[in-house]
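**Q** compute the structure for the input listed below.
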Amino acid sequence: MSIAVSSQKLNAAAAATFLIFGINGLVFASWAARIPAVTEILHVTSGQMGTLLLCTAVGSLIALPTAGWVVGRIGTANAVRASGLLAAVAGVGIALSLTAESVPGTAVALFFFGIGIGLWDVSQNIEGADVEHRLKRTIMPQFHAAFSGGAFVGALIGAGLSGLGVGLPAHLLVIAAIVAVLTMVAPRYFLPHIAAEVHSDPETATTKGQSAWRDSRTLLIGVVVLGATLTEGAGNDWIAKASVDGLGTSESTGALMFAVFVLAMTAMRFCGGFVIDKYGRVAVLRASMAAAAAGLGLFVLAGNIWLATAGAALWGIGAALAFPMGMSAAADDPKKAAARVSVVSTLGYISFLAGPPLLGYLGDLTGIHLALLAIMAPILVALLLAGAAKPLPGAPLRNE
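**A** Model prediction:
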């Protein structure tokens, strides 16, 4: 049962959630925008870099299935604090490992980084869904816009520091300090939660978790998100490297191409709530996948930097709303939101985190630029199954 809160506390919770999403994007982009620098520091190929990225994926995929239970036990605020602290400590580990040019050390640090990011992601989405339901309007895309905005800032910082010759280890140490402080403070403004409200009993938690994995609608939404988020994950991890390898740009220009992709996502997510409420979740999801396919094709096949930039922007627009719509769809029933969000997040992150490393292996054979075309197949699957995201009858938000 939800706890009644004043409009002032609800607005404060929305602002705090917005900030937490933004910090998450900042820390992610601080890593993703400078992946070309990592390959140089560690002297690894695209395939070997893919293996390192897979360490992050494995960590997150271990954390995600149990994240709903963890949130039920300690609440979203404490879950964000714990995951933020773990991500910060792992960031320090990545920085130190890069300084020592240690591939094994970087792999271990990325594994724990993935655990922190996975728990953090589910926690913030559960909080965001709670705020959205109580506000009774679509706001989840704006929370994800905060993530994209944070990533955009992180990408610009990465490009600037790269151009100035500032090393990645020093960059990551500063970001880790920022993350540790803000994730401790911001969650104090989250909505109040009672542990029993989600899963106070481990036996009950197990039962609800199992039922969520057997729910056909939840699984179909997860498959849609799995296909749709691969386009976002591939863009986040490889657009900078693909620009350097395929278009012959500098590392700083590659980071700026990533910034264009993220800025387009951010802009679309800020206006996404209005678009979804006007045209419906399913129609917007289908249009998003079509735009992502067109943008991806233009980016890969473009013969010059300007057409590739336009493709990156269209790709970002198409990738913007799929994940937040999937989270909203999974949370249509507030009583089962934690378990279902955990399931959809797990399925989505299989592609979001594991897909880009696999593209790295394919990139060793074809070049990472052409390897990105493999994303077309899961985009089409998401397009065909988009109807699964139709809101449940009686859901607080009826954006059909």
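**Q** looking at it, Ile41 is touching Leu98, isn't it?
**A** Yes: at 5.3 Å, Ile41 counts as touching Leu98 under the criterion of Cβ atoms under 8 Å. C-beta: built from backbone N, CA, C; applies to glycine.
**Q** more neighbours: which of these two?
**A** Each of Ile41 and Leu98 has its neighbours counted (other Cβ atoms under 10 Å); Leu98 has more, 23 against 18.
**Q** secondary structure element for that one?
**A** Assigned by DSSP states H and E, Leu98 falls within helix 46-99.
**Q** average pLDDT across that helix?
**A** Across helix 46-99, the average pLDDT comes to 88.
**Q** how far off centre is the helix or strand just after it?
**A** Counting by DSSP H and E, the element after helix 46-99 in chain order, helix or strand, is helix 103-135. Taking Cα atoms, centre = their mean, to the nearest Å, one finds helix 103-135 lying 9 Å from the centre of the chain it belongs to.
**Q** and the helix or strand following helix 103-135, how far out from the chain middle?
**A** Counting by DSSP H and E, the next helix or strand C-terminal to helix 103-135 is helix 140-164. In terms of Cα atoms, centre = their mean, the centre of helix 140-164 is found 12 Å from the chain centre.
**Q** show me what counts as buried in helix 140-164.
**A** Neighbour-count burial for helix 140-164 flags 140-159, 161-162 (criterion: 16 or more other Cβ atoms under 10 Å).
**Q** tell me the angle of that helix relative to helix 103-135?
**A** 150 degrees (axes from the mean of the first three to the mean of the last three Cα atoms, to 10 degrees).
**Q** can you offset everything so residue one is 194?
**A** Done: numbering now begins at 194, and the last item shifts to helix 333-357.
**Q** so what secondary structure elements neighbour helix 333-357?
**A** helix 200-225, helix 296-328, helix 361-378, helix 444-472, helix 515-523 (3 or more Cβ pairs under 8 Å, 6 or more residues apart in numbering; DSSP states H and E).
**Q** buried ones in the longest one?
**A** In other words, helix 296-328. Judged by neighbour count (16+ other Cβ under 10 Å), helix 296-328 contains these buried residues: 296, 298-328.
**Q** quick one, it and helix 361-378 angle?
**A** Going by the same axes, to 10 degrees, helix 296-328 makes 30 degrees with helix 361-378.
**Q** do the last one as well
**A** With the same axes, to 10 degrees applied, the angle from helix 515-523 to helix 361-378 works out at 30 degrees.
**Q** can you list contacts of helix 515-523?
**A** 318, 321-322, 325, 331, 333-334, 336-337, 411, 414-415, 417-418, 421-422, 424-425, 462, 465, 469, 474, 477-478, 481-482, 530, 533-534, 536-538, 541, 545, 575, 581-584, 590 (Cβ atoms under 8 Å, 6 or more residues apart in numbering).
**Q** let's see that with 6 Å instead.
**A** 318, 333-334, 337, 414, 418, 421-422, 474, 478, 481, 533-534, 537, 582 (Cβ atoms under 6 Å, 6 or more residues apart in numbering).
**Q** next SSE downstream of it?
**A** Counting by DSSP H and E, what follows helix 515-523 is helix 530-559.
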